[in-house]
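1. Structure for this input, please:
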Amino acid sequence: QEVSILQSDICDFTGESTSMDSVKLSKIVNRLFEKFDDLAQRHGVQRIDVIGDAYVAATNLFVNQSDDHAARLARFALDMQAAAESISLDEYDKEDLNMSLASTMSRNSRDEFVCIQDFNLRSS
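-> Have a look, this model is predicted:
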């Protein structure tokens, strides 16, 4: 069975957590993940786990989505990027924050396709 998996990550989260107020950073991460959860539900994507600053989601894992699981996850990833970029960092006294999205399609425990997209969240 083919499964598509996506992981998003805030680049240098550990470094950011030492240089930024932890409450403000936590609010940014919570705001991001709330948006991601809404998008996951809209796209029929299953959130697998949240580990610190990493958000892991999959398609065709628990529900049969074999006809469009990779495309479904790709649309979700594009909407995740747009949602993340829509968050203003002004209220957090932060100029920018880098994120990375990595998507993998696996078949029989072998990774067949990996796509990594880096982008920045910026203040206005």
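2. got a list of contacts for stretch 38-50?
-> With contacts defined as C-beta atoms under 8 Å, 6 or more residues apart in numbering, stretch 38-50 is touched by 5-6, 33, 36-37, 55-59, 61-63, 65, 72-73, 75-76, 79-80, 83. Quick note: C-beta positions are derived from backbone N, CA and C, even for glycine.
3. Which of those residues are buried, as a PyMOL select command?
-> A single PyMOL command is used to select the members of the contacts of stretch 38-50 judged buried by 16 or more other C-beta atoms under 10 Å:
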select buried, resi 5+6+33+36+55+56+57+58+59+61+65+72+73+76+79+80+83
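4. Show only the entries of the contacts of stretch 38-50 found in helices.
-> 33, 36-37, 72-73, 75-76, 79-80, 83 (DSSP state H).
5. Dump those residues into a markdown table; add pLDDT and distance to residue 44 as well.
-> Formatted as a markdown table, the ones in helices among the contacts of stretch 38-50 follow (pLDDT from 0 to 100; distance: C-beta to C-beta, whole Å):
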| residue | pLDDT | distance to residue 44 |
| --- | --- | --- |
| 33 | 93 | 18 |
| 36 | 94 | 14 |
| 37 | 97 | 13 |
| 72 | 92 | 6 |
| 73 | 89 | 10 |
| 75 | 91 | 10 |
| 76 | 92 | 9 |
| 79 | 92 | 12 |
| 80 | 89 | 14 |
| 83 | 87 | 17 |
